[in-house]
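*Asks:* Got a sequence here, can you build the structure:
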Amino acid sequence: MTDPAASSAPLDVAVAGAGAAGLALAVALKQALGPGLRITAFDPALGRDPRDDGRASMLAADVRRFLVDLGGWPEEASPVAGLRITDSRLDDVLRPIFLELGAEVAGEPFAHMASDADLRGALRARAEALGVGLAADSVVGHRPAGGGLALSLASGAETTARLLVAADGARSSVRERAKIATHVIAYDQIALTATLAHERPHGGIATQHFLPGGPFAMLPLAGNRSALVWSEKRSAAEAVIASDDDAFLAEVERRAGPEFGAITLAGRRGFFPLRLLLARSFMGDRVALVADAGHVVHPLAGQGLNVGFRDVMALARVVAAAARSGEDWGAPQTLDRYERARRFDVAALGAATDGLYRLFRADAARLARDVGMGLVDRTPALKRKIVEIAAGG
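*Replies:* Predicted coordinates:
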């Protein structure tokens, strides 16, 4: 890790946040522009033991290819062999499968599952190998200074950068200081997460039950383990959060059904409130937003981190192209190319996930939902197109 005192050296690019997106961007730029690029990722969490809160992500095929090219692919990731969707009430004895999707596109799995801890670990190891600066510090202020920005750090040190990238999450302090407004819709749901071990194998199948309280997903990890992403109404979720592990597992088994057999915890439980957040712009004065700093969507489609990595791909391409042509990569005309590359994709995903949230929340629409899913299930060309889109095609 970089000595925090060394973080005061002038930088070409500063990244606020060293989660998966921030690390991937730092690695992508270092790999594209070579050892002469001065880049540091700042995150106070770098000085602490990583905390596994049970979160895992379904990584699309295009994201996998990107991470493999970076050398930051987690070897623990496991392929998804298929996806099954049901729409039922909690106490229904039978949960018929209304939509079942295959999992290959052009001969490769459309997605893999990886824990966030494994993903961050692989990207951090690659960043260290390439000589990316990693500072257990945070950017607490920035202001224009000549042809760049002057950055104030929590440690009291100061540095400069030609470009500051906000990869510091949904509550991005960089975004707030840059005065970039956001559009926010708070959902009356909380997502509960955990890594679960179970008696029976999942066969690589991702299962998502749409229940009245919200979608309940069991996503396949290596071995007889699954990542739980359970969205529940806030009042019910708060009671589950306050319950002990035995009561928590009893509620999980009630929703998962008998197909997994006995279920136990294989890690910590986590939770986070759900909302739609969309920044009005993905750029400011020598500032670019990526991933959750620019947008947050409902996890029901499993695309939140994928769209964040696509931000990283686009920004890395724009910055690298500007550098190679001798342009100022922090200038407005450069960052506008990034804005135009990402705005439509992000807005479309936000609208789609918000629409699905509202459709599956309304029990009165259940018949229409089920008829629609049934039609899709019986239309192979449409099913293939859905899988291609989910794979990033």
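
*Asks:* contacts and neighbour counts: CA atoms only from here.
*Replies:* Fine.

*Asks:* didn't residue 198 look like it was pressed against residue 258?
*Replies:* No. With contacts defined as Cα atoms under 8 Å, residue 198 does not count as touching residue 258, sitting 10.6 Å away.

*Asks:* Backbone dihedrals for the residue of the chain positioned farthest from its centre, please?
*Replies:* If you look at how far each residue of the chain sits from its centre, by Cα atoms, centre = their mean, the farthest one is residue 146, at 34.7 Å. Torsion angles at residue 146 (phi, psi; degrees, to the nearest 10) stand at phi 60, psi -130.

*Asks:* How about the one 3 residues further on?
*Replies:* With angles defined as degrees, to the nearest 10, residue 149 shows backbone torsions of phi -120, psi 140.

*Asks:* Give me the pLDDT value at it.
*Replies:* Confidence at residue 149, expressed as pLDDT, is 97.

*Asks:* Next one: it from residue 320, what distance?
*Replies:* Between residue 149 and residue 320 the computed distance is 19 Å (Cα to Cα, to the nearest Å).

*Asks:* between the two, who's got more neighbours?
*Replies:* Between residue 149 and residue 320, counting by other Cα atoms under 10 Å, residue 149 is the more crowded of the two (23 against 20).

*Asks:* The more buried one bridge partners, please.
*Replies:* When assigned by DSSP bridges, residue 149 has beta-bridge partners residue 144, residue 161.

*Asks:* Next up, the contacts around it.
*Replies:* Contacts for residue 149 were tallied using Cα atoms under 8 Å, 6 or more residues apart in numbering; they are 142, 143, 160, 161, 162, 163, 164, 286.

*Asks:* Is it correct that the last one is in contact with residue 328?
*Replies:* No. Shown here, residue 286 and residue 328 do not form a contact pair, counting by Cα under 8 Å, at 10.0 Å.

*Asks:* between these two, which one's more packed in?
*Replies:* For the pair residue 286 and residue 328, the greater number of neighbours falls to residue 286 (22 against 17), based on other Cα under 10 Å.

*Asks:* Same question for stretch 129-136: list its buried residues.
*Replies:* Buried residues in stretch 129-136, counted by 16 or more other Cα atoms under 10 Å: 131, 132, 133, 134, 135, 136.

*Asks:* I figured the third one was touching residue 41, is that so?
*Replies:* Yes. Judged on Cα under 8 Å, residue 133 makes contact with residue 41 at a distance of 6.1 Å.

*Asks:* returning to that earlier point: a markdown table please, covering the contacts of residue 149 and showing distance to residue 219 and pLDDT.
*Replies:* Output for the contacts of residue 149, formatted as a markdown table (distance: Cα to Cα, whole Å; pLDDT from 0 to 100):
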| residue | distance to residue 219 | pLDDT |
| --- | --- | --- |
| 142 | 40 | 97 |
| 143 | 43 | 96 |
| 160 | 43 | 97 |
| 161 | 40 | 97 |
| 162 | 41 | 96 |
| 163 | 37 | 98 |
| 164 | 35 | 98 |
| 286 | 39 | 97 |
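
*Asks:* Give me the buried subset of these.
*Replies:* When the contacts of residue 149 are checked for burial by 16+ other Cα under 10 Å, the buried set is 142, 160, 161, 162, 163, 164, 286.

*Asks:* Out of those residues, the closest to residue 9 would be?
*Replies:* residue 160 (7.5 Å; Cα to Cα).

*Asks:* and that closest one, what does it touch?
*Replies:* Per Cα under 8 Å, 6+ apart, neighbours of residue 160: 8, 9, 10, 11, 145, 148, 149, 150, 151.

*Asks:* Out of these, flag the one nearest to residue 279.
*Replies:* Proximity of the contacts of residue 160 to residue 279 (Cα to Cα) peaks at residue 149, which lies at 21.4 Å.

*Asks:* How much space separates that closest one from residue 299?
*Replies:* 35 Å.

*Asks:* go on, residue 115?
*Replies:* Relative to residue 299, residue 115 is positioned 15 Å away (Cα to Cα).

*Asks:* Just give the strands next to whichever helix or strand residue 134 is part of in its sheet, each with its orientation.
*Replies:* Mapping residue 134 onto the secondary structure by DSSP states H and E places it in strand 133-135. Strand 133-135 sits in its sheet next to strand 39-42 (parallel), going by DSSP bridges.

*Asks:* next helix or strand past the partner strand?
*Replies:* Per DSSP H and E, the first helix or strand lying C-terminal to strand 39-42 is strand 56-60.

*Asks:* The next helix or strand after that next one: which residues count as buried?
*Replies:* Under the assignment DSSP H and E, the closest C-terminal helix or strand after strand 56-60 is helix 61-70. By neighbour count on 16+ other Cα under 10 Å, the buried set for helix 61-70 is 61, 62, 63, 64, 66, 67, 70.
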